[in-house]
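1. What follows is a predicted structure for the sequence shown.
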Amino acid sequence: MYYPEEVIEEVRARNDIVDVISSYVGLKRAGSNYTCCCPFHNEKTPSFSVSRQKQMFYCFGCHEGGNVISFIMKYEHFTFPEALKLLADRVGYPLPEIEPSEEEKQRASRKVQLREVNTSAAAYFHYLLTKTQRGKPGYEYFREKRKFTDETIAKFSLGFADIYADDLYKYLKSKGYTDEIIRDAGLVDFDERHGPHDKFWNRVMVPILDMNGKCIAFGGRVLGDAKPKYLNTRETELFDKSHNLFALYLARRSHRRGMILCEGYMDVITQHQAGFDNAVASLGTAFTPGQASLIKRFTKEVYLAYDSDDAGRNAAKKAIQILRSQGMSQRVIDLSPYKDPDEFLAAEGPEAYETRIRDAIPGRLFEIREIRKLYRLGDPEEKTAFIREAARTLAGIEDTTERANYCDTVAEEYGLDVKVLRQEVTRFGMAGMNGSRPEAKTGDRIQTESAYPQEQTPPSRSRKEAADDSTERHLLTWMVNRPELFDKLKSLVTEEDFTGRVREVAEQLFRQYQDTGTVQPAAILSRYEEPEDQRVIAGILSSEFPFETDQSAAEKALTELVRKLKLSGVDRSLRQGGGSALELARKKKEIQKIQVRL
């Protein structure tokens, strides 16, 4: 579907990128920009930057970048027209009625078919479970082992995959689905030697629904000793594990406070049956920033009901960090002496579970209790180490009153001198403000990243070419950050001094400045629909110059960059046979005389 450039630019301009991204993730101001942990990859230190001035985002960790439209495309897994429509609807801007292209019609039709084939598979699995003798093993598992009622089985459309390895394939073929659609939905694998064989067989089946209640994938638990015990649909065009949550479609409608985050499907179903219909679970992988952002659309309060073993506690600590990075409240439910919510509810019942939810402790207190297990407080040296580790954790609390209250609570619980604890918290807090790292634990890794995105140099590129490209990007970055340089350098630098993709961007920036007296990097990105193009262009446009300079230092640095840029052009001419060696040598001497004045 093609929209005129002026329509695209109008929608983009009406949607402030900071406001839009803030509705998905928790942004914190950092100088003139906003930062958070990247929603597109797991990280502990924020490297995702959003610029209100440039109306662009960029991650210096995974190098994803773009404008507000490309953020929606990446985050929501939307096409360009779908993202544009969402943003237009957000600000009440009526898009013109445009006939979709044949390619877009085919893409939309394909997604419909993928949903339909998953829905048909879910209906067949449910039919086998509830209406046939073949599904009796699965039905007995749900009713006798899991204690699920028929109402719960129906509510979650639970099913059974038969023992025959081509049973589902034959059924779906009888319904008229093509091999391509069945394969691409992740339901059947095709082997040249053995032919088609079902992905799921001899398993109880749990359909996974999207936000609109459409079946997009499955989780299956094996009956017997086969491996793996749990199996999910592989990722498909519809199913991205990191951006979906089991039972979110139901939990979003709950009237209960917050959401309860669990590790597995069965824990979620058990809780829903017990009346805790705000429970959700990640999908066979560790909890991700994308999943946290999904929850944040509906609530900022999350209760963690992870397993009480070591693995569960470690997973809880990681989830706490992710939720905190997005500005969400985290509380941990104490399930001891039971392993998981399923065991707890079976032994103690819903009322006791309600009490445990009410008594759930904040994430930071949970972290400190986990730290406490590592030290013997009767030993003075170990007690000192514990105080410092607790202080390191508490120093991350920004609100002064809240930080003081935590210090009081921790000091009382562990018999510490509150004044000493507060002094250590202050020390760590001040060190963090100054950018230093006091007393890092042995084994801690300190990672540093360049202020510019680093791209691997293909074997076919020489070091000289890579250096030339770096010079071009550095200079263009500085010009984007300080548009007045277009006037200051106009007698020295033109778009023709740049090469490749950088020149493509430079031409558009020079044209913008000539027409409007300013530059709008985000508008340039709207012209690129391919994710890889957006990533590369954003890398050029989103960087900040890596250091502050006074006028003298800035003039010196700019002079060096301009000279390198111009000398690279002379070297290209020499390699291409353009001009005599004597003439090119004369040009190099002239370039060495260049002095930039600001």
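-> Structure's in. What do you need? Since the model is a prediction, treat every value here as computed from it, not as a measurement. Numbers count the residues shown, from 1 in each chain.
2. Tell me where the model's unsure across the stretch 1-150 of the chain.
-> Applying pLDDT under 70 to the stretch 1-150 of the chain flags the ranges 1-2.
3. at 80 what do you get?
-> 1-3, 42-44, 77, 98-104 (pLDDT under 80).
4. Can you show me the strands along it?
-> 28-30, 33-36, 48-51, 56-59, 65-66 (DSSP state E, counting those that start in this stretch).
5. and if you look at the stretch 151-300 of the chain?
-> Assigned by DSSP E, counting those that start in this stretch, the stretch 151-300 of the chain shows strands spanning 159-161, 188-191, 195-198, 203-209, 215-222, 230-232, 259-262, 279-281.
6. most tightly surrounded among the ones you listed?
-> Burial of the strands of the stretch 151-300 of the chain is given as mean neighbour count (mean count of other CB atoms under 10 Å); strand 159-161 ranks first at a mean of 29. Every C-beta, even on glycine, is put in place using the N, C-alpha and C of the backbone.
7. JSON lines for the strands of the stretch 1-150 of the chain, including mean neighbour count?
-> As requested, the strands of the stretch 1-150 of the chain are exported to JSON lines (neighbours: other CB atoms under 10 Å):
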{"stretch": "strand 28-30", "mean neighbour count": "11"}
{"stretch": "strand 33-36", "mean neighbour count": "22"}
{"stretch": "strand 48-51", "mean neighbour count": "23"}
{"stretch": "strand 56-59", "mean neighbour count": "28"}
{"stretch": "strand 65-66", "mean neighbour count": "26"}
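8. Redo these as CSV? Include distance to residue 567.
-> Below are the strands of the stretch 1-150 of the chain laid out as CSV (distance: least, CB to CB, whole Å):
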stretch, distance to residue 567
strand 28-30, 36
strand 33-36, 33
strand 48-51, 31
strand 56-59, 29
strand 65-66, 29
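9. which stretch among the strands of the stretch 151-300 of the chain comes nearest residue 313?
-> Closest approach to residue 313 among the strands of the stretch 151-300 of the chain is made by strand 259-262 (14.0 Å; CB to CB).
10. now for the closest one, which elements pack on it?
-> Judged by 3 or more CB pairs under 8 Å, 6 or more residues apart in numbering; DSSP states H and E, strand 259-262 is in contact with helix 265-273, strand 279-281, strand 301-304.
11. on that earlier part again, what's the closest of the strands of the stretch 151-300 of the chain to residue 501?
-> Per CB to CB, nearest to residue 501 of these: strand 215-222, 35.8 Å.
12. Apart from its chain neighbours, what residue comes closest to residue 152?
-> residue 273 (4.7 Å; CB to CB, 6 or more residues apart in numbering).
13. any idea how far that neighbour lies from residue 264?
-> 14 Å (CB to CB, to the nearest Å).
14. what do you get for residue 569?
-> 61 Å.
15. Between the two, point out the one with more neighbours.
-> Shown here are residue 569 and residue 264; by other CB atoms under 10 Å, residue 264 has more neighbours (22 against 18).
16. Report the buried residues of stretch 75-85.
-> For stretch 75-85, burial by neighbour count (16 or more other CB atoms under 10 Å) applies to 75, 78, 79, 80, 81, 82, 83, 84, 85.
17. Tabulate the residues you listed (JSON lines), appending distance to residue 147.
-> What follows is these, written out as JSON lines (distance: CB to CB, whole Å):
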{"residue": "75", "distance to residue 147": "38"}
{"residue": "78", "distance to residue 147": "41"}
{"residue": "79", "distance to residue 147": "44"}
{"residue": "80", "distance to residue 147": "48"}
{"residue": "81", "distance to residue 147": "47"}
{"residue": "82", "distance to residue 147": "42"}
{"residue": "83", "distance to residue 147": "44"}
{"residue": "84", "distance to residue 147": "48"}
{"residue": "85", "distance to residue 147": "45"}
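18. So which of those residues sit within helices?
-> 75, 80, 81, 82, 83, 84, 85 (DSSP state H).
19. Would you mind confirming that the fourth one is in contact with residue 76?
-> Yes - applying CB atoms under 8 Å as the test, residue 82 and residue 76 come out as touching, 7.5 Å apart.
20. picking that back up, may I ask which two of the buried residues of stretch 75-85 are separated the most?
-> 75 and 81 (15.9 Å).
21. in the stretch 151-300 of the chain, which ranges drop under the pLDDT threshold?
-> For the stretch 151-300 of the chain, the ranges with pLDDT under 80 are 194, 226, 284-285.
22. Quick one: residues in contact with the helix or strand residue 563 falls within.
-> Secondary structure assigned from DSSP states H and E places residue 563 in helix 551-575. Helix 551-575 has contacts (CB atoms under 8 Å, 6 or more residues apart in numbering) with 464, 468, 471-472, 474-475, 478, 485, 489, 492-493, 497-499, 549, 578-579, 581, 584, 587-588, 591-592, 594-598.
23. Send me the next helix or strand after that helix as PDB with only the CA atoms.
-> Per DSSP H and E, the first helix or strand lying C-terminal to helix 551-575 is helix 581-592. Only the C-alpha atoms of helix 581-592 are listed here, as PDB (Å, rounded to 0.1, in the frame of the first residue of the first chain):
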ATOM      1  CA  ALA A 581      49.800  12.500 -10.200                       C
ATOM      2  CA  LEU A 582      51.300  16.000 -10.200                       C
ATOM      3  CA  GLU A 583      47.800  17.600 -10.100                       C
ATOM      4  CA  LEU A 584      46.600  15.300  -7.300                       C
ATOM      5  CA  ALA A 585      49.800  16.000  -5.300                       C
ATOM      6  CA  ARG A 586      49.000  19.800  -5.600                       C
ATOM      7  CA  LYS A 587      45.500  19.200  -4.400                       C
ATOM      8  CA  LYS A 588      46.800  17.300  -1.300                       C
ATOM      9  CA  LYS A 589      49.100  20.300  -0.500                       C
ATOM     10  CA  GLU A 590      46.100  22.600  -0.700                       C
ATOM     11  CA  ILE A 591      44.000  20.400   1.500                       C
ATOM     12  CA  GLN A 592      46.700  20.400   4.200                       C
END
